[in-house]
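1. Just need the structure, nothing else, for what follows:
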Amino acid sequence: MDTKTLVALAFVAFCALLVYLRVPQAAGRGLDSRADRIRSELEEARKLREEAQALLAEYQRKQRAAEEEAEAIVEQAKEEAKRLTDEARASLADMVERRGKLAELKIAQAEAQAVSDVRNSAAEAAVTAAEALLAAKTTGDTADKLIAASIKDVAAKLQ
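-> Numbers count the residues shown, from 1 in each chain. Below is the predicted model of the structure:
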């Protein structure tokens, strides 16, 4: 017998032993089992991916909603600031107007007081001058009567 034949017979015997011991079936079961595990892992990965995409979409919606809310808050703050600015301007204008009227009133009062003071001073000066003039030109009882009547008349007309 030749070595090639012997190796061929040993190989056939080895293959027969493997078939007898059901090694190909065990290898097939092992491969099937591994394929099933891989399939389940792929299915789980697909589910996780879908969940991740759903979470991503939800967070993107929340982010858009938060951005819209922030924009609304900023817009509301701008409107509030504009309203407060307008109110402050109106209030300032009213205050300036009131102070202007108050100043005009004080000026008018001071002017009236000054006019009154000038009139009183002028009346007193006129009375003093008339008194001195009459005293110098008139003498006796007639002079006293005339001076008293003139003073009463001037005082009554000035007030």
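
2. Quick test: name the residue nearest the centre of the protein.
-> Ala77 (3.6 Å; CA atoms, centre = their mean).

3. so which strand or helix has that one?
-> Assigned by DSSP states H and E, Ala77 falls within helix 23-137.

4. Can you point out the buried residues in the following helix or strand past that helix?
-> Where DSSP H and E defines the elements, the next helix or strand beyond helix 23-137 is helix 141-158. Neighbour-count burial for helix 141-158 flags Ile147, Ser150, Val154 (criterion: 16 or more other CB atoms under 10 Å). Quick note: C-beta positions are derived from backbone N, CA and C, even for glycine.

5. hang on, the earlier thing: how close does the residue nearest to the centre of the chain get to Glu71?
-> Distance of Ala77 to Glu71, given as CB to CB, to the nearest Å: 11 Å.

6. Same check on Leu92?
-> According to CB to CB, Leu92 and Glu71 sit 31 Å apart.

7. can you check Lys101 too?
-> According to CB to CB, Lys101 and Glu71 sit 45 Å apart.

8. so Cys15 is in which element?
-> helix 3-20.

9. Poorly predicted segments of this protein, please.
-> For the chain, applying pLDDT under 70 flags the ranges 134-135, 138-140, 143, 157-159.
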